[in-house]
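> this is a predicted model, with the sequence first.
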Amino acid sequence: MGILKLAEVIQEEAPEAVIKVSLQDYRGRIIAVDTSIAIHQFFNAMPEITNRHGENISVLQGLFYRTVTLLENGIKPVYVFDGRPPDLKQPLLAKRAAASKVSSGSLGAGEQQRHQDKTSPAIPCHPISTLLLTSAHTVAVPPASQRLKDADVCGAWNELDSCRSGQELPLSPQRAIEKDCERLLRCLGVPCIQAPSEAEATCAALVASGMAWCTATEDMDALPFGSTRLVRHLTASKQSVVEEYSLPVILEKLKLTQEQFVDLCILLGCDYIGKIRGLGPKKALKLLQTHQSIDGILKHISPQKHPVPDDWRYEEARMLFLRPSVADVSRVQLEWAEPDEEKLVQFLSHQKRMKEVRVRGRMNKMRMAQSKKRKGEQQQQAPKKRQSAMGEFFPVKKIASQGKAFKPRSIDGRQKVAAAKCRSHLPQPPGSTLSVPGE
């Protein structure tokens, strides 16, 4: 869900904070991508694509084309996967799980299925595996004392899979899809990060540390998590124009600190707690600008007119935004490698039954585009040749016998007489006198 109506508030109160940016303008930039939102988009925005084994490969196909488009444009994506959601989020997830019971047999429910998986009974292992387990894939579950406190880059999944103590349990459908996505990204040479909790929070930490330029997600809660730049509407189209939100400009135009902005997001409605009834976006912003915090607002509003939800744990929600659980960025090493086309074809075409000609064709198109851009950049960076001067083509030579440059001779007497005769035949204006050169 993100933050209710936050985008509308920004468009109305701080339109300068949102700019339209062409995808090509991010060339050379590192973008932290919220993988769970991308998966949700592919489930809902793309038609269901089923292979001969009955598997829905819409997510893999969408992720393949989008990632290749980013690489083709010189953009370096890093995909961040969700971990265990905060306990304060469980009531909301339970409601979503109940609402998705009608379509519980289909992964097309997208985010509802993802959250339903995460609300399953906890298993004493790494947070990644606290999911509903219904797939043929298996993973070893370590004892509770061996839980990982922080997720590592790419290696978290491998560490979990390599555990051989405890009970062997199958992975959930959602987890199986995430593992397939990770394998696809490895074939493309793109790094992945496993977040201990909310992926947007770890994306924001990467941006804050300078390791990434922006966060790419549709959820506006990347902003209260502290991402200084948020990119929305990222697609696989080369002509894609995205919306970029600037957090510093938002805070400046709304005249709020980061802490006050987090309070505004809580008042608007977030994933962690309910909202105060009767407080619309404009009124919530005005009250916050006047009373500085939720604590001050609660002292000045009528409990009858604006009833506060029972057990409204806004202070805990505030800390989840200001002090979220994120991956240790000091341990993160982002490295991109050249795509391994043969492994990619083996996985997508031979195993997942995507058409090989399409996979190889798209990879070849990407290589050609990258080569063309590199040549263009090399030509621009090459030093320009100096234009030759005219004297370099027609140099002045000295006569060897005289030792000096050639000079024209002066006019002698015979030449003067000949010139006078020629000019005497020409009509002369009245009062003019005939002059001979040299006289």
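That came through, no problem. Residues are numbered from 1 along each chain as shown.
> where is the longest helix in the protein?
Counting residues, the longest helix in the chain under DSSP state H turns out to be helix 356-381.
> show me which positions of it end up buried.
Buried residues in helix 356-381, counted by 16 or more other Cβ atoms under 10 Å: 359, 362, 363, 366, 369. To be clear about C-beta, it is placed using only N, CA and C from the backbone, and glycine gets the same treatment.
> what does stretch 332-351 give?
Neighbour-count burial for stretch 332-351 flags 332, 334, 339, 344, 345, 347, 348, 349 (criterion: 16+ other Cβ under 10 Å).
> just the strands in the protein please.
Assignment of strands within the chain using DSSP state E yields the ranges 18-22, 30-34, 76-81, 138-140, 168-170, 192-194, 214-216, 229-232, 241-246, 398-399, 404-405.
> ranking those strands by burial, who's on top?
Of all these, strand 214-216 carries the top mean neighbour count, a mean of 29, counting by mean count of other Cβ atoms under 10 Å.
> okay, now the sheet partners of that strand, with direction.
Based on DSSP bridges, the pairing partners of strand 214-216 within the sheet are strand 30-34 (parallel), strand 229-232 (parallel).
> list of residues touching that strand?
Among residues not part of strand 214-216, those counted as contacts by Cβ atoms under 8 Å, 6 or more residues apart in numbering are 26, 29, 31-34, 77, 200, 203-204, 206-207, 222, 227-232, 234, 244.
> avg pLDDT for it?
In this model, strand 214-216 has a mean pLDDT of 97.
> where does this protein dip in pLDDT?
When the per-residue scores of the chain are filtered using pLDDT under 70, the ranges that remain are 1, 96-97, 99-171, 377-439.
> what's the neighbour count on residue 209?
As a burial measure, the neighbour count of residue 209 was computed by other Cβ atoms under 10 Å and equals 12.
> make CSV from the strands of the chain and add distance to residue 287 to it.
Below are the strands of the chain laid out as CSV (distance: least, Cβ to Cβ, whole Å):
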stretch, distance to residue 287
strand 18-22, 24
strand 30-34, 31
strand 76-81, 34
strand 138-140, 48
strand 168-170, 49
strand 192-194, 38
strand 214-216, 28
strand 229-232, 25
strand 241-246, 23
strand 398-399, 92
strand 404-405, 91
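> tell me where the stretch 151-300 of the chain has helices.
Shown for the stretch 151-300 of the chain, the helices assigned by DSSP state H, counting those that start in this stretch span residues 155-162, 173-187, 199-208, 247-254, 258-268, 281-291, 294-298.
> residue 219 and residue 226: what is the separation?
Between residue 219 and residue 226 the distance, using Cβ to Cβ, to the nearest Å, works out to 14 Å.
> now residue 234
Separation of residue 234 from residue 226 (Cβ to Cβ): 20 Å.
> neighbour-wise, which of these two wins?
Neighbours per residue, other Cβ under 10 Å: of residue 234 and residue 226, the larger number sits with residue 234, 25 against 22.
> so residue 5 makes contact with residue 268?
Yes. Using Cβ atoms under 8 Å, residue 5 is in contact with residue 268, at 5.7 Å.
> hey, what's in contact with both of these two?
With Cβ under 8 Å, 6+ apart, residue 5 and residue 268 have common neighbours residue 281.
> between these two, who's got more neighbours?
For residue 5 versus residue 268, the count of surrounding residues by other Cβ under 10 Å is larger for residue 268: 22 against 15.
> next, count neighbours for residue 51.
Using other Cβ under 10 Å: residue 51 sits among 14 other residues.
> please name the nearest non-neighbouring residue to it.
With Cβ to Cβ, 6 or more residues apart in numbering as the criterion, residue 51 has its nearest non-adjacent residue at 3.7 Å, and that residue is residue 353.
> report the contact partners of that neighbour.
Taking Cβ under 8 Å, 6+ apart as the definition of contact, the neighbours of residue 353 are 51, 52, 53, 55, 57.
> wait, isn't the first one in contact with residue 354?
Yes. When contacts are counted by Cβ under 8 Å, residue 51 is listed as touching residue 354 (7.4 Å).
> any idea how many residues pack against residue 303?
The burial metric for residue 303, expressed as a neighbour count using other Cβ under 10 Å, is 9.
> picking up where we left off before, now, of the contacts of residue 353, which are buried?
Among these, those buried by neighbour count (16+ other Cβ under 10 Å) are 55, 57.
> looking at the contacts of residue 353, which is nearest residue 300?
residue 57 (55.0 Å; Cβ to Cβ).
> you'd agree the closest one is up against residue 47?
No. Counting by Cβ under 8 Å, no contact exists between residue 57 and residue 47, whose distance comes to 11.5 Å.
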